[in-house]
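Q: Quick one, fold the following:
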Amino acid sequence: MSHHTHPRQLPDADAGPDPDATAADGTRGNSGTGEQTGAHESPGTEAGTEERAKEAAGDEAAAESTGPHPADDEATVPHPADDEPVVSRSATEDEPTASHPAEATASRPAAAEDASDPHPATDDGPTGAEALDDETTNSHSPTADDASGSRPAADEEPNGRQATADDETTTEAADGHPAGPGSSDDGEPAAHAASPARPGWFGWRRRYPVAARVVRVGTTVLAGALVLTVLLVPNRLDWMSVQAFLRLPVEAVFLAAVLLVLPSRARRITAGVLGVLLGLSAVLKCLDMGFRETLARPFDLVFDWVLLSDGADWVKDSFGRSGEILAVAGVIVLVVAVLALSVLAMMRLANALARRRTAAVRTTLVLGVAWVACFTLGVQFGGVTFATKGYAQYLSNRVQYVRDGLGDADVYKKQMAVDAFAHTPSDQLLTGLRGKDVMLTFIESYGRVAIDDPTMGPEVDATLKAGGARLKAAGFSARSGWLRSPVTGAGSWLAHSTFLSGTWVKNQQRYRSLTTSDRATLTSYFQKTGAWRTVGIVPGVRKAWPEGKYFGLDHIYDSTHLGYQGPYFSWTPVPDQFSLESFQKLEHGKKNRDPIMAEIILASSHNPWSPIAHTIDWKDLGDGSVFYKIKKEGTDPTEVWKSSKRVRTEYRKAIQYSLDSLTQWVQRYGDDNTVLVFLGDHQPVPTVTGGTSNKDVPVTIVARDPKVLDRVSDWGWTEGLKPAADAPEWAMNKFRDRFMTAFGPNPGSTAATTSH
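A: Numbering: from 1, shown residues only. Below is the predicted model:
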């Protein structure tokens with residue numbers, strides 16, 4: 001065997017990729033495979049470059065036509081003494097052996113390499129110089145092997161091909177060593193690294209380097225924008241503004257500092273965890289926005305999960321079953337997408353910080369100092385503080401909200417134990433109403449806004465005046481005031497139980513605690529006397545309602561027991577006029593009956609208020625089929641909810657319909673023994689209220705017997721169906737005890753009224 005080596009097998013340890021050679025023969029310069037000719041020519045001269053290119057072209061042509069010739073090979077081998085790198089030799093063979101795994105790859109014949117390489121270089125790929133300019137190229141401190149040329153450069157693959165892989169596969173580790181294919185965790189090249197896959201999808205990064213750079217930089221910018229958006233976005237739609245996003249969050253500076261000080265593996269894990277937390281907080285902020293738009297309060301992480309199913313039911317009632325399915329599926333996809341994008345964004349930023357560690361450290365220090373200075377000086381732009389810690393404060397408030405919720409059960413348990421009438425004998429309860437038919441009636445969403453709002457108030461006022469005149473003509477009088485509800489927008493059952501139990505039922509946990517306790521309600525006290533038959537007219541109940549027994553109702557008529565054969569009106573199963581007529585037929589109109597105490601819920605004014613029924617002649621109600629025609633004449637909720645003005649208009653019409661139905665019923669069927677207490681359960685959604693924090697609802701007592709209203713003469717309520725603006729305002733949970741005191745054996749006693 002000749003001691004000479006074929007020129008294609010001699011690696012040039014000092015020479016990098018030869019752009020001129022690439023231009024000459026259309027292939028990539030490959031120092032690892034030793035594809036070079038004219039070794040005696042000076043690599044720094046144009047003549048040498050041109051001569052090498054010509055010889056290379058001639059050698060290729062000769063090789064293709066006749067194949068390699070040993071004699072020719074030996075004749076063209078440069079002498080080691082000139083510029084051939086020193087190659088160690090095996091003790092048993094004359095063939096050189098590589099002192100580094102990369103050299104073993106480089107010492108293979110070109111033909112063998114071409115056959116084994118599944119991704120040969122293409123004509124349209126970037127040259128070595130262009131690849132070196134790529135932003136993903138990583139460098140590390142040269143070692144002894146690098147200096148001797150027995151180890152490939154950090155920006156080359158083990159077989160000598162220029163590296164253009166994705167950023168994630170060439171990210172520089174915290175200790176300065178490159179990590180990626182062909183490397184172990186400590187940055188050392190793998191001994192038997194497989195040939196890396198073509199960079200990018202189908203090699204697009206190599207074919208379109210400019211586009212790849214734009215995509216890479218753009219992705220990093222978008223990742224940063226996403227993280228900043230999550231940190232800065234408020235959890236209320238009415239706080240949204242351009243200034244809200246032109247601020248410097250201290251949390252961004254802190255996160256950057258944490259990622260910079262962590263080693264490679266810990267940095268990746270931390271970035272993933274932080275991404276999940278950011279994604280979850282983004283979802284929580286969206287829930288807060290939705291709940292504030294419907295309930296005027298943030299989402300309760302402890303108690304509000306049950307309300308999500310109610311939201312799905314509302315969508316179904318408004319937009320149909322298909323709309324509900326699409327909405328639920330869309331929400332699930334959106335949540336998963338937010339979590340995934342948050343994790344990917346944090347990972348991307350962590351890699352970017354590691355690649356540009358020095359610049360990142362300096363930038364983080366500068367931003368940290370700037371934040372401290374701006375926060376100390378209170379710098380503002382457009383009335384918004386520039387240096388903010390709002391995200392940290394938001395998380396702190398949410399944690400405190402959860403802690404308060406978890407501890408609320410014990411607080412409420414103590415409140416339920418206080419009941420001034422718990423030991424009152426039954427024959428001394430509600431003595432001032434004996435022999436009367438008492439109707440405790442809730443009008444859904446009948447809030448103060450319906451009376452006070454300048455755009456709705458005049459027409460609602462006209463309805464109240466007409467109803468008052470109608471009642472006065474029938475011999476009835478009325479007194480009105482204000483009650484403050486524990487909820488707004490929705491959660492009617494919480495308001496109902498607050499009014500009836502005399503306790504502040506502000507969340508679902510309190511409602512469950514109440515309905516599983518022995519706390520007496522206003523309705524159960526009527527039942528306790530034995531002087532009334534207690535019934536419930538609850539057309540909004542479409543499922544099993546075991547809590548009904550707790551409220552002390554002898555019989556409950558839900559939507560399936562009122563004899564209604566007409567259509568639903570959006571959420572409302574039974575129109576109010578038909579519900580009241582059913583009460584007359586099923587209970588109130590019976591002869592030789594006991595006095596009745598009825599809890600009646602009028603649901604036609606329940607959100608979404610479209611389409612709405614209107615009052616017709618009571619004789620034409622029949623089984624309700626007449627309402628099919630009325631529904632067709634109504635509005636389409638999908639169109640109504642596109643405009644807040646139309647929503648407010650439909651809400652006003654719904655309230656007017658409920659008030660008309662109720663006052664007409666009293667005029668038609670009321671008598672000397674009729675006592676009507678009607679009230680709103682809560683304010684409507686912020687779309688109608690305009691975001692006001694006021695939770696007042698009107699409350700009215702109607703009776704023909706003057707002795708009934710004399711009992712409440714000291715309340716200071718306004719005469720008529722409309723409470724004055726300065727009428728007394730009570731918390732809704734105060735009504736039960738004041739009502740029972742007023743109609744007890746000792747009206748005006750302070751023992752009960754001061755019990756809460």
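
Q: tell me which residues in stretch 637-654 are buried?
A: Going by neighbour count (16 or more other CB atoms under 10 Å), the buried part of stretch 637-654 is 637, 640-641, 647-654. Bear in mind the C-beta positions are built from the backbone N, C-alpha and C, glycine included.

Q: do the same with stretch 544-552
A: 545, 548, 550-552.

Q: measure that stretch end to end?
A: 16 Å (CA to CA, to the nearest Å).

Q: Report the distance from that stretch to the chain centre.
A: Stretch 544-552 has its C-alpha centroid displaced from the chain centroid by 34 Å (CA atoms, centre = their mean, to the nearest Å).

Q: repeat for stretch 234-250
A: Centroid separation between stretch 234-250 and its chain, computed with CA atoms, centre = their mean, is 16 Å.

Q: So what touches it?
A: 228-229, 231-233, 284-285, 288-289, 292-293, 298, 367, 370-371, 374-375, 381-392, 394, 691 (CB atoms under 8 Å, 6 or more residues apart in numbering).

Q: Out of the residues you listed, which end up buried?
A: 228, 231-233, 284-285, 288-289, 292-293, 298, 367, 371, 374-375, 385-388, 390-391, 394.

Q: what's the pLDDT at the residue nearest to V697 when sequence neighbours are not counted?
A: Spatial nearest neighbour of V697, excluding adjacent residues (CB to CB, 6 or more residues apart in numbering): G680 at 3.5 Å. Here, the pLDDT recorded for G680 equals 97.

Q: Identify the residue spatially nearest to G405, adjacent ones excluded.
A: Counting by CB to CB, 6+ apart, the residue nearest G405 is V302, at 3.6 Å.

Q: actually S477, not the one I wrote
A: Nearest one to S477, counting by CB to CB, 6+ apart, is L709 at 5.8 Å.

Q: pretty sure that neighbour is touching G432, no?
A: No - using CB atoms under 8 Å, L709 makes no contact with G432, being 11.2 Å away.

Q: before we move on, the earlier item: sec struct for the residue nearest to G405, please.
A: With DSSP: H, G, I helix; E, B strand; the rest coil as the basis, V302 sits in coil.

Q: What separation do you get for it and Y394?
A: 17 Å (CB to CB, to the nearest Å).

Q: What of Q509?
A: When Q509 is compared with Y394 (using CB to CB), they lie 23 Å apart.

Q: what's the answer for G489, then?
A: Relative to Y394, and taking CB to CB, G489 is found at 22 Å.

Q: if we can go back for a sec, I'd like the list of the buried residues of stretch 637-654 that fall within helices, please.
A: In helices, defined here by DSSP state H, the members of these are 637, 640, 647-654.

Q: Nearest to S661 among the residues you listed?
A: A654 (10.8 Å; CB to CB).

Q: ok, that closest one - contacts?
A: 445, 604-605, 609, 612.

Q: Tell me, how many residues neighbour the residue nearest to E547 when sequence neighbours are not counted?
A: Spatial nearest neighbour of E547, chain neighbours left out: T515 (4.4 Å); criterion: CB to CB, 6+ apart. Number of residues near T515 (other CB atoms under 10 Å) recorded here: 19.

Q: and stretch 581-595, how far apart are its ends?
A: By CA to CA, one end of stretch 581-595 lies 18 Å from the other end.

Q: Now, the contacts of stretch 234-250 that are in strands?
A: Among those, the members falling in strands (DSSP state E) are 381, 384-385, 387-388.

Q: Is it possible to get JSON lines of the residues you listed that adds pLDDT and distance to E459?
A: Formatted as JSON lines, those follow (pLDDT from 0 to 100; distance: CB to CB, whole Å):
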{"residue": "F381", "pLDDT": "83", "distance to E459": "44"}
{"residue": "V384", "pLDDT": "85", "distance to E459": "40"}
{"residue": "T385", "pLDDT": "89", "distance to E459": "44"}
{"residue": "A387", "pLDDT": "93", "distance to E459": "49"}
{"residue": "T388", "pLDDT": "92", "distance to E459": "45"}
